[in-house]
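In: After the sequence you'll find the predicted model.
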Amino acid sequence: MIYLRNISLAFGERTLFEDWTWPITERSRIGLVGDNGAGKTTLLKAILGLVELDGGAIDIPDRKNRTIAYLPQDLVEIEPVPLMEYLKNRCGLTALETGMCDCEKLIAALPDGPPDEEKEGEELSEIGGRREKLLREYDRIVAVYQAKEGYAFEARAKQVLKGFGFGEHDFLKQCDEFSGGWKMRILLAVILLSQPDIMLLDEPTNHLDTESMEWLESYLKDYPGTLITVAHDRFFLDKMATTIAEISQGRLALYKGNYSYYLLEKEKRLAALEKERLLQQGEIKKTEEFIERFRFKATKAKQVQSRIRMLEKFAPLQAEGHGKTVKIRFPTGPKSGKEVLLVSKLAKSYGAQEIFREVSFSLQRGERVALVGVNGSGKSTLSRILGHVEAPSAGEIRSGLNVHMAFFSQESAENLRYERTVWEETMEVVSRSNDRERRNLLGAFLFSGDDIHKPVSVLSGGEKSRLALLKILLQETNLLILDEPTNHLDFKTKDIFQKALISYQGTVVLVSHDRYFLDHLVNRVFELKDGECIEYPGNYSYFIEKRQSLAEERRAAAGQNGPSPDAILSEGKSAYKTREDKRRDAEERNRLARINQGLKKELHAIEKSIAALEGRKAEGESFLCDPLSHRDPERIKQIHRDLKDLEKEIEQSYDRWHELTMAMEDNILS
């Protein structure tokens with residue numbers, strides 16, 4: 001359990017947390033959402049104890065015996081050691097292996113018998129005592145090593161690494177030889193292998209391809225601990241989260257469901273709030289009209305005074321919505337020919353390493369194509385070749401009539417002029433967009449107010465990437481080659497950008513690991529796999545479905561009839577249950593539901609009791625902090641006695657709360 005108790009935090013005039021109380025039960029699956037800068041990463045760091053709160057506390061019972069793992073959003077450096085050695089060290093196995101080895105050497109060094117017969121009894125006793133002590137220590141270390149599954153660690157590590165796209169040739173590589181994105185995968189592998197009680201993941205999907213994300217989702221499905229994640233991938237939050245926590249303007253709103261449920265419920269809540277606000281405004285207006293009409297009539301004086309007091313008690317409801325709706329659009333470029341690109345027998349190699357071969361396709365005007373595949377399959381390489389940034393090893397690309405192309409990748413940020421301001425860099429693009437349209441575009445890409453006057457040199461990597469993408473939006477084009485354009489966009493900006501792409505009149509070739517973004521945009525998918533390019537007509541969901549059916553056809557052709565192992569695993573035993581089995585299951589569910597109903601009532605009562613006890617404790621502590629409290633020494637003594645009793649009662653209440661939540665979870669899981 002993680003208990004956020006009246007926590008508050010502000011940076012200057014900006015409030016991140018405002019008096020939040022939130023009990024997070026064990027085995028929760030929580031997705032944190034909110035605008036950039038709302039405080040999602042800060043909350044994860046506060047749970048870790050890395051951020052000092054202005055008020056309140058975050059309690060984790062038995063914290064010393066609980067393991068917490070954190071994946072940061074920012075890239076980190078890793079020491080230059082072999083990959084497998086690094087994983088063992090971070091998971092605490094290297095120290096255990098060293099301890100076992102030291103014990104074995106010390107035990108082996110003990111003499112078998114005493115050298116001097118006169119000292120035989122004394123020597124034997126001392127040697128026996130040392131041997132017994134070493135054996136006990138050795139047994140303790142072995143027990144911990146076995147508990148951490150040390151003997152099977154290498155096999156588990158290889159399974160996890162392969163799931164994240166590492167090959168056999170990577171296992172002995174030095175960690176500092178990997179790029180930043182692969183280093184983040186290594187950190188994520190450490191977290192999965194260490195099997196922590198609490199997992200805090202800040203944008204875990206940022207550096208994963210779609211296949212690795214699907215593997216991570218399947219792995220986390222059986223994770224028995226508490227998961228709190230920040231993510232901008234809707235598919236990931238839909239599959240992983242059972243609670244969405246929205247942080248907005250210092251407030252916390254909880255939605256019991258996945259991300260899709262959260263979107264629906266938020267719309268309903270906003271509609272209900274707006275209806276209530278309009279009703280309240282109507283009541284206020286009627287009351288004000290009555291006061292104004294009868295203010296000077298003596299016979300109505302009492303009613304007028306009553307209405308005035310009523311008006312003073314009104315707490316006006318503020319309109320709450322999505323903020324100002326921003327729409328952006330690409331400038332209308334010249335119309336291209338019907339055939340935009342013709343790719344013929346394209347190949348690319350780096351020395352002896354072949355990336356792909358014999359890639360041929362044509363793009364028609366208005367098509368939206370996704371390039372997908374595991375990391376290293378050649379998606380970015382192909383996009384650079386199509387964007388004329390890199391030359392192919394063989395084959396050719398012919399552009400159609402009147403094609404005006406723009407290319408974006410994460411490296412596009414390197415082409416910015418660092419001595420200019422954001423606004424000057426924006427104005428550098430020749431475009432029919434006026435100043436107001438440019439400012440709207442900057443606001444949509446999270447450059448607001450004085451941000452537009454910042455020098456490019458002080459921007460973060462994500463801000464530079466957004467600025468480079470923004471400059472492309474100002475150009476008049478009819479072909480866009482985009483490599484991971486949404487990496488540094490939040491949900492709101494990504495949605496605005498996606499709508500602009502949908503209404504774009506030209507042709508789009510897109511590399512992205514955001515499956516929702518692909519699903520609602522593309523109509524062709526090119527999968528790069530084993531050096532070949534396989535085409536799937538349709539969106540991303542169709543591609544996944546077709547790929548699965550093709551895999552099952554291959555298994556059937558190889559004599560492995562029936563559904564895939566993953567499908568059988570996901571179905572469990574439910575597909576083979578008899579009617580009697582189902583009846584017994586229903587009776588068991590009803591029995592557990594009745595038990596849970598009683599547990600819920602007691603849990604609700606204990607939570608109310610805890611809140612009341614915490615309130616009494618806060619009142620006592622507040623009195624003791626009062627400079628004038630010294631005037632009442634007897635009350636001070638009594639409050640000290642009361643606080644001691646309250647501490648004991650609160651601790652017992654939390655223990656009971658923990659027992660009840662565990663009992664409920666055991667019933668649900670059984």
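Out: Now that the structure is in, tell me what you want to look at. None of these values were measured; they are calculated from a predicted model. Numbering: from 1, shown residues only.

In: Can you give me the buried ones in stretch 277-291?
Out: Buried residues in stretch 277-291, counted by 16 or more other Cβ atoms under 10 Å: 287, 290, 291. Glycine gets a C-beta too; all of them are placed from N, C-alpha and C.

In: Correction: the previous question concerned stretch 445-459.
Out: Buried-residue list, stretch 445-459, by 16+ other Cβ under 10 Å: 445, 446, 447, 452, 456, 459.

In: sorry, back to before: among the buried residues of stretch 277-291, which are in helices?
Out: Those of the buried residues of stretch 277-291 mapping onto helices are 287, 290, 291, per DSSP state H.

In: What is the burial count for the residue nearest to residue 41 when sequence neighbours are not counted?
Out: Nearest residue to residue 41, sequence neighbours excluded (Cβ to Cβ, 6 or more residues apart in numbering): residue 202, at 5.5 Å. By other Cβ atoms under 10 Å, 19 other residues sit near residue 202.

In: Distance of residue 202 relative to residue 481?
Out: 30 Å (Cβ to Cβ, to the nearest Å).

In: Equivalent analysis for residue 155, please.
Out: From residue 155 to residue 481 the distance is 41 Å (Cβ to Cβ).

In: So for the two, which residue has more residues nearby?
Out: Neighbour count, other Cβ under 10 Å: between residue 155 and residue 481, residue 481 has more, with 27 against 9.

In: So what are the sheet partners of the helix or strand hosting the more buried one and their directions?
Out: Assigning secondary structure by DSSP states H and E places residue 481 in strand 479-483. Strand pairing for strand 479-483, determined by DSSP bridges: strand 405-408 (parallel), strand 507-511 (parallel).

In: Can you list phi and psi of residue 422 for me?
Out: The phi/psi pair for residue 422 (degrees, to the nearest 10) reads phi -60, psi -40.

In: got it, and residue 395?
Out: phi 90, psi -180.

In: Ok, residue 527 next?
Out: When read as degrees, to the nearest 10, the backbone of residue 527 gives phi -100, psi 120.

In: Then residue 387?
Out: Residue torsions, per degrees, to the nearest 10, at residue 387 are phi -90, psi 10.

In: Output the ones in helices among the buried residues of stretch 277-291 in a markdown table, with pLDDT and distance to residue 141 appended to each entry.
Out: What follows is those, written out as a markdown table (pLDDT from 0 to 100; distance: Cβ to Cβ, whole Å):
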| residue | pLDDT | distance to residue 141 |
| --- | --- | --- |
| 287 | 78 | 76 |
| 290 | 75 | 82 |
| 291 | 78 | 81 |
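
In: Just name the closest of those to residue 133, please.
Out: residue 287 (83.7 Å; Cβ to Cβ).

In: For residue 348, which non-adjacent residue is spatially closest?
Out: With Cβ to Cβ, 6+ apart as the criterion, residue 348 has its nearest non-adjacent residue at 4.5 Å, and that residue is residue 355.

In: for residue 158, same thing?
Out: residue 171 (6.8 Å).

In: what number of residues lie near that neighbour?
Out: Residue 171, neighbours per other Cβ under 10 Å, totals 16.

In: same deal with the one 5 residues further on?
Out: Residue 176 is flanked by 12 other residues according to other Cβ under 10 Å.

In: Now for it: which residues touch it?
Out: Applying Cβ atoms under 8 Å, 6 or more residues apart in numbering, we find residue 176 in contact with 77, 78, 79, 80.

In: Give the full set of residues in contact with the closest residue to the second one other than its chain neighbours.
Out: Nearest residue to residue 78, sequence neighbours excluded (Cβ to Cβ, 6+ apart): residue 175, at 4.2 Å. Neighbouring residues of residue 175 by Cβ under 8 Å, 6+ apart: 78, 79, 80, 81, 82, 83, 86, 183, 186.

In: And the residues you listed, which of them are buried?
Out: 78, 83, 86, 183, 186.

In: In this structure the last one contacts residue 89, no?
Out: So that's residue 186. No - using Cβ atoms under 8 Å, residue 186 is not in contact with residue 89, being 11.9 Å away.

In: still on that earlier bit, put together JSON lines for the buried ones among the contacts of residue 175, with secondary structure, distance to residue 335 and pLDDT on each row.
Out: Output for those, formatted as JSON lines (DSSP: H, G, I helix; E, B strand; the rest coil; distance: Cβ to Cβ, whole Å; pLDDT from 0 to 100):
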{"residue": "78", "secondary structure": "coil", "distance to residue 335": "50", "pLDDT": "85"}
{"residue": "83", "secondary structure": "helix", "distance to residue 335": "52", "pLDDT": "92"}
{"residue": "86", "secondary structure": "helix", "distance to residue 335": "54", "pLDDT": "92"}
{"residue": "183", "secondary structure": "helix", "distance to residue 335": "45", "pLDDT": "89"}
{"residue": "186", "secondary structure": "helix", "distance to residue 335": "48", "pLDDT": "92"}
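
In: mind giving me a markdown table with those residues and columns for distance to residue 66?
Out: What follows is these, written out as a markdown table (distance: Cβ to Cβ, whole Å):
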| residue | distance to residue 66 |
| --- | --- |
| 78 | 25 |
| 83 | 28 |
| 86 | 24 |
| 183 | 26 |
| 186 | 24 |
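
In: Let me know the closest of these to residue 396.
Out: residue 183 (36.8 Å).

In: roughly how far apart are the closest residue to that closest one other than its chain neighbours and residue 154?
Out: The shortest distance from residue 183 to any non-neighbouring residue, by Cβ to Cβ, 6+ apart, is to residue 78 (5.4 Å). Using Cβ to Cβ, residue 78 is found at 19 Å from residue 154.

In: pLDDT of the helix or strand containing residue 619, averaged?
Out: Using DSSP H and E, residue 619 sits in helix 579-625. Average pLDDT, helix 579-625: 70.

In: ok, now stretch 309-318?
Out: So the average pLDDT for stretch 309-318 ends up being 64.

In: From what I see, residue 385 and residue 392 are in contact.
Out: Yes - if you go by Cβ under 8 Å, residue 385 and residue 392 touch, sitting 5.1 Å apart.

In: In terms of neighbours, single out the busier of these two.
Out: residue 385 (24 against 21).

In: ok, back up a step: so the residue nearest to residue 158 is in contact with residue 86, correct?
Out: No - counting by Cβ under 8 Å, residue 171 sits too far from residue 86 to count as a contact (10.8 Å).

In: Point out where the protein drops to low pLDDT.
Out: 112-124, 298-300, 304, 311-326, 558-596, 625-627, 629-630, 658, 661-670 (pLDDT under 70).

In: Just the CA trace of stretch 274-284, in CSV.
Out: Extracted C-alpha coordinates of stretch 274-284, given in CSV (Å, rounded to 0.1, in the frame of the first residue of the first chain):
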residue,chain,number,x,y,z
GLU,A,274,-21.5,22.2,-16.9
LYS,A,275,-25.2,21.4,-16.4
GLU,A,276,-24.9,22.0,-12.7
ARG,A,277,-23.0,25.3,-13.3
LEU,A,278,-25.7,26.6,-15.6
LEU,A,279,-28.4,25.7,-13.1
GLN,A,280,-26.5,27.5,-10.4
GLN,A,281,-26.0,30.6,-12.6
GLY,A,282,-29.8,30.6,-13.2
GLU,A,283,-30.5,30.4,-9.4
ILE,A,284,-28.0,33.2,-8.8
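
In: mind listing what the residue nearest to residue 348 touches?
Out: Residues in contact with residue 355 (Cβ under 8 Å, 6+ apart) are 348, 349, 377, 378, 381, 531.

In: Would you mind getting the angle between the helix or strand containing it and strand 507-511?
Out: Per DSSP H and E, residue 355 falls inside strand 353-364. Here strand 353-364 runs at an angle of 150 degrees relative to strand 507-511 (axes from the mean of the first three to the mean of the last three Cα atoms, to 10 degrees).

In: Quick check: residue 534 is in a strand.
Out: Yes - assessed by DSSP: H, G, I helix; E, B strand; the rest coil, residue 534 belongs to a strand.
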